[in-house]
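Novice: Got a sequence here, can you build the structure:
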Amino acid sequence: MAESNRKFGFGIFPSLLLALGVVLVLASFLPLSALSKRQWTIADSEAFSQVTRELHDSTTQLPRQSGRTADELAGYQENLKQEFEKLKSKLEHAQQEPQRWSRILLWTGTALVGVGGLIHIAKQSA
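Specialist: Numbering: from 1, shown residues only. Model prediction:
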């Protein structure tokens with residue numbers, strides 16, 4: 001009886017791997033845009049808009065129009081550029097997140113299908 005339980009457990013394992021792999025491959029084709037919404041919030045969007053606007057305004061002003069010296073204005077613009085680059089990088093990361101998870105699901109599912117298929121073939125030849 002113990003032998004039949006082991007055969008049943010071993011016999012269903014490749015099928016489970018194959019089924020799970022197929023499910024993951026199919027899931028990789030689903031739209032995963034909700035993942036980017038977790039990475040990029042409304043507050044981030046508002047901050048990005050504000051920094052962009054301030055950066056544009058600061059580059060079109062002369063130092064005397066802004067009430068700053070040339071060095072102060074250059075430092076202010078540099079801070080805005082750094083903040084802009086930081087937010088831009090965060091936005092790009094958020095935009096790439098769904099694609100990254102799709103690739104992870106696809107390759108994991110493909111690996112499971114391959115391993116399940118190999119175990120099934122090995123079981124048939126044994």
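Novice: can you map out the helices along this protein?
Specialist: Counting by DSSP state H, the chain has helices at residues 2-27, 34-39, 42-60, 63-66, 70-125.
Novice: For these, which has the smallest mean pLDDT value?
Specialist: In terms of average pLDDT, helix 63-66 trails the rest of these, at a mean of 70.
Novice: re the thing from before, would you mind giving the helices of the chain as JSON lines with mean neighbour count added?
Specialist: To be clear about C-beta, it is placed using only N, CA and C from the backbone, and glycine gets the same treatment. As requested, those are exported to JSON lines (neighbours: other CB atoms under 10 Å):
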{"stretch": "helix 2-27", "mean neighbour count": "13"}
{"stretch": "helix 34-39", "mean neighbour count": "13"}
{"stretch": "helix 42-60", "mean neighbour count": "13"}
{"stretch": "helix 63-66", "mean neighbour count": "12"}
{"stretch": "helix 70-125", "mean neighbour count": "14"}
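Novice: Nearest the middle, which residue of the chain would you pick?
Specialist: E97 (1.6 Å; CA atoms, centre = their mean).
Novice: Would you check how far apart I12 and L112 are?
Specialist: According to CB to CB, to the nearest Å, I12 and L112 sit 14 Å apart.
Novice: for A126, that is, sorry about that
Specialist: Taking CB to CB, one finds A126 at 21 Å from L112.
Novice: Q77 now?
Specialist: Relative to L112, Q77 is positioned 52 Å away (CB to CB).
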